[in-house]
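Participant: Pasting a predicted model and its sequence here:
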Amino acid sequence: MDIKQAILDRRSIRSYQDRPVPREMIEELLELAIKAPSGKNRQPWRFVILERQKKDMLVTIMTDKIHSRKQQGLDIGSCETSISAIQQASSVILVFNAFSNFEKDYNHYRLLTDTQSIGAAIQTIILAAQDLGLGTLWICDIFYSEGEICSWLEYNDELIAAVAIGYPNQSPYPRPRKSWTEVTEWLR
């Protein structure tokens, strides 16, 4: 894997081919994800893989929720685009924080540490998928239906993100980025 090239070539994919990703490839992504840096080696990540009917149920839950929000005149973010990507993707990985609802002394700093660790695991999945010729979309629009998703799965863990995975059916242009010099202060 040329990590620099994977970083440069990676794009958020919102259109996928109608072609299943083999289970072995998803397992490889998860095997790599758990190697991500983890603050205090807590390894707070938990993954739920949705395919076929279970993925369709996620789409139904999210669609119902945004329909309800629209009727109330509430914001739906980019949920419709995310739902479309989920429908087309071969698989969706839901990513949870296993500790946020169970530790009695769970504080702001521990939350930040665990969230950063989970973000590193997600980034590892995304870059490894790029190396395997797969496309991904890191989805946070699931927050609009977090309660309904967790209730459906009977999960008490905190839902952090979803990652749609499939064979890309598009080659998006690079999105503009600020120069590192615009976002960096160098002190000596």
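Facilitator: Everything's here; your move. Numbering: from 1, shown residues only.
Participant: how about the longest strand along the chain as PDB, C-alpha atoms only?
Facilitator: With residue count as the measure and DSSP state E as the assignment, the chain has strand 158-166 as its longest strand. Listed in PDB are the C-alpha atoms of strand 158-166, where the atom choice follows Å, rounded to 0.1, in the frame of the first residue of the first chain:
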ATOM      1  CA  GLU A 158     -23.100   5.600  21.500                       C
ATOM      2  CA  LEU A 159     -23.400   5.700  17.700                       C
ATOM      3  CA  ILE A 160     -20.400   7.600  16.400                       C
ATOM      4  CA  ALA A 161     -20.600   7.200  12.600                       C
ATOM      5  CA  ALA A 162     -21.500   5.000   9.700                       C
ATOM      6  CA  VAL A 163     -19.200   4.100   6.800                       C
ATOM      7  CA  ALA A 164     -20.800   3.100   3.400                       C
ATOM      8  CA  ILE A 165     -18.500   0.700   1.400                       C
ATOM      9  CA  GLY A 166     -18.700  -0.500  -2.100                       C
END
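Participant: pLDDT weak spots in this structure?
Facilitator: Within the chain, the set of residues satisfying pLDDT under 70 comprises 102-104.
Participant: Centre of the chain to the longest strand of the chain, how far?
Facilitator: Here the centre of mass of C-alpha atoms in strand 158-166, compared against the chain's by Cα atoms, centre = their mean, to the nearest Å, lies 3 Å away.
Participant: Likewise for stretch 161-169?
Facilitator: 9 Å.
Participant: What segments of the protein are helices?
Facilitator: Residue ranges of the helices in the chain, as given by DSSP state H, are 3-9, 23-33, 52-71, 79-88, 108-131, 146-153.
Participant: can you list those in a markdown table and add distance to residue 166 and mean neighbour count?
Facilitator: Heads up, the C-betas are built off the backbone N, CA and C, glycines and all. Output for the helices of the chain, formatted as a markdown table (distance: least, Cβ to Cβ, whole Å; neighbours: other Cβ atoms under 10 Å):
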| stretch | distance to residue 166 | mean neighbour count |
| --- | --- | --- |
| helix 3-9 | 16 | 12 |
| helix 23-33 | 11 | 16 |
| helix 52-71 | 11 | 15 |
| helix 79-88 | 7 | 19 |
| helix 108-131 | 9 | 19 |
| helix 146-153 | 20 | 16 |
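Participant: what about stretch 15-31, start to end distance?
Facilitator: 25 Å (Cα to Cα, to the nearest Å).
Participant: Pull the residues that contact that stretch.
Facilitator: Under the contact criterion Cβ atoms under 8 Å, 6 or more residues apart in numbering, stretch 15-31 has outside partners 47, 49, 51, 85, 88-91, 93, 125, 128-129, 132, 134-135, 164-170.
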